[in-house]
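Novice: Curious how this folds, go ahead:
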Amino acid sequence: MSKIIHSMIRVRELDRSLKFYADCLDLQPAHRLDFPAFSLVYLRNAENDAEIELTWNRDRTEPYCHGDAYGHVAVCVPDVAAERTRLVGLGYCPLDVKEFKADDGSLIARYFFIQDPDGYKVEVLERHGHYQ
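Specialist: Below is the predicted model of the structure:
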């Protein structure tokens, strides 16, 4: 049986990305590999087994193209409204909180999106139902 261990994204400014992921998702470096041309930094926190791998190619100056296939990374928190307020207070620009409901009006998900410094979307969902 397989186990998801990490998902990798490429970043242009490693320090800026490390600050975003620490501030917004409480993810800290758990492992780092530095090579002459690039670095790999694996982020996690106590809630996670899986990691986000930041790949920093030192000579890269132009933005990465996400194409039309990339969607988002999702995380869950106890209270999305409080989390959004916290992020706004830190100077970030999360989008508005939205709700996704079933035909009968019952709540499926409450969430908002925020983008990291390289434009990768992060969905922040409230712990509810399937999203635990």
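Novice: Would it be right to say that residue 83 lies in a strand?
Specialist: No: using DSSP: H, G, I helix; E, B strand; the rest coil, the secondary structure at residue 83 is helix, not a strand.
Novice: show me the biggest strand of this structure in terms of residues.
Specialist: strand 107-115 (DSSP state E).
Novice: tell me which residues of the helix or strand following that strand are tucked away?
Specialist: Counting by DSSP states H and E, the next helix or strand C-terminal to strand 107-115 is strand 121-126. The neighbour-count check on strand 121-126 (16 or more other Cβ atoms under 10 Å) flags 122-126 as buried. From N, CA and C alone the C-beta is placed, and that goes for glycine too.
Novice: packing partners for strand 121-126?
Specialist: strand 73-77, helix 80-89, strand 107-115 (3 or more Cβ pairs under 8 Å, 6 or more residues apart in numbering; DSSP states H and E).
Novice: Walk me through the domains of this protein.
Specialist: According to automatic domain parsing, the chain comprises the domains 1-60, 71-132.
Novice: Including mean pLDDT, could these go into a markdown table?
Specialist: Shown next, in a markdown table, are the domains of the chain (pLDDT from 0 to 100):
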| stretch | mean pLDDT |
| --- | --- |
| domain 1-60 | 96 |
| domain 71-132 | 96 |
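Novice: And for this structure, the residue most distant from the center?
Specialist: residue 104 (31.0 Å; Cα atoms, centre = their mean).
Novice: between the longest helix that the chain contains and strand 107-115, how big is the angle?
Specialist: Counting residues, the longest helix found in the chain (DSSP state H) is helix 14-25. Angle of helix 14-25 versus strand 107-115, following axes from the mean of the first three to the mean of the last three Cα atoms, to 10 degrees, is 160 degrees.
Novice: returning to that earlier point: with just CA atoms, put the longest strand of the chain into CSV.
Specialist: Output in CSV follows, covering the C-alpha atoms of strand 107-115 (Å, rounded to 0.1, in the frame of the first residue of the first chain):
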residue,chain,number,x,y,z
LEU,A,107,-23.0,22.4,4.9
ILE,A,108,-20.5,20.4,2.9
ALA,A,109,-17.5,22.8,3.4
ARG,A,110,-16.6,26.2,4.6
TYR,A,111,-13.3,27.6,3.1
PHE,A,112,-11.2,30.3,1.7
PHE,A,113,-8.3,30.5,-0.7
ILE,A,114,-4.9,32.2,-0.3
GLN,A,115,-2.0,32.3,-2.7
